[in-house]
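Engineer: I need the structure of the sequence given here:
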Amino acid sequence: MTDASESDDRQMLPDDVQQQLLEVAHRRSLARGDSVFLKGSAPDALFGVLSGSLRVSVVAPGGREAVIAILKPGHWFGEVSLLVGRERVYDTCALAATEMAVVQAEDFHRLVAERFDVHMAFTRLVCMRLRQALAWIDDAILMPLPVRLAHRLLTLDPRPAGAAGAVSLDVSQEDLAFMLGVSRQSVNRLLKMWDEDGTLRVGYRHIELLDRGRLAAHTEYVA
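Structural biologist: Residues are numbered from 1 along each chain as shown. Presented below is the predicted three-dimensional model:
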């Protein structure tokens, strides 16, 4: 299983690379529910989250939605479609008022072609995302739901591993159920249990993580 502490930190671009992107980017403001792009749209830009949060999801033909990720400030995305020249494969919309940096495709390709550090930063970013995707597949096949849920909550915690104190995670029980491919009732039962033992507190469309160490203990699977 991928360590939850590495999933966010290693999916962040280096500060100097982010600065190069910001120098050629323009700003875009989104209200809650606004779409960044939809599945099937053309790859015309790279995006960075400056403030707020975004929901990345896919919808099956029958209408069932699967939430892939919640993107927080510091995340850049959309590079894979730009690199392969293919249409977007997921939907992205704002969960709250969000400020974004938008780098047009031609500027992105120029930076990748001209700057070795930018090229390598995106190579590492794509590899880390592939590694995380494979780890999630392994989890879905091999790990019981309590382990998967605890791990997913930890990946949503923006703080470094070992951080103390409480933090509010902007995610609903429905979002968690979609992410894990299970029913909301299954997620609710576990969250209630962890609410009762002081691990977290369940709120309306958010989860307050009270004890990161206690939650991390739930990721230690013993067959």
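
Engineer: quick check: which ranges of the protein have low pLDDT?
Structural biologist: Within the chain, the ranges that satisfy pLDDT under 70 run 1-11, 60-62, 64, 139-141, 160-162, 221-223.

Engineer: which other helices and strands does the helix ranked longest in it contact?
Structural biologist: In the chain, taking DSSP state H as the definition, the longest helix is helix 116-142. Judged by 3 or more CB pairs under 8 Å, 6 or more residues apart in numbering; DSSP states H and E, helix 116-142 is in contact with helix 15-24, helix 79-84, helix 105-114, helix 145-156. Quick note: C-beta positions are derived from backbone N, CA and C, even for glycine.

Engineer: return the most buried member of these.
Structural biologist: The highest mean neighbour count among these, using mean count of other CB atoms under 10 Å, belongs to helix 145-156: a mean of 22.

Engineer: tell me the neighbouring strands of the helix or strand just after it, and mark each as parallel or antiparallel.
Structural biologist: Sequence-wise, the next helix or strand downstream of helix 145-156 (DSSP states H and E) is strand 167-169. When sheet partners are counted by DSSP bridges, strand 167-169 sits next to strand 206-209 (antiparallel).

Engineer: surely V182 is within a helix?
Structural biologist: No - assessed by DSSP: H, G, I helix; E, B strand; the rest coil, V182 does not belong to a helix; its assignment is coil.

Engineer: ok, the closest residue to it other than its chain neighbours to V202 distance?
Structural biologist: Nearest residue to V182 in three dimensions, chain neighbours excluded: L145, at 6.2 Å (CB to CB, 6 or more residues apart in numbering). Per CB to CB, to the nearest Å, L145 is found 16 Å from V202.

Engineer: and if you look at C93?
Structural biologist: 24 Å.

Engineer: these two: which has the busier surroundings?
Structural biologist: Ranked by neighbour count (other CB atoms under 10 Å), C93 and V202 place C93 first, with 17 against 14.

Engineer: quick check: the more buried one touching K39?
Structural biologist: No - taking CB atoms under 8 Å as the definition, C93 is not a contact partner of K39, at 11.6 Å.
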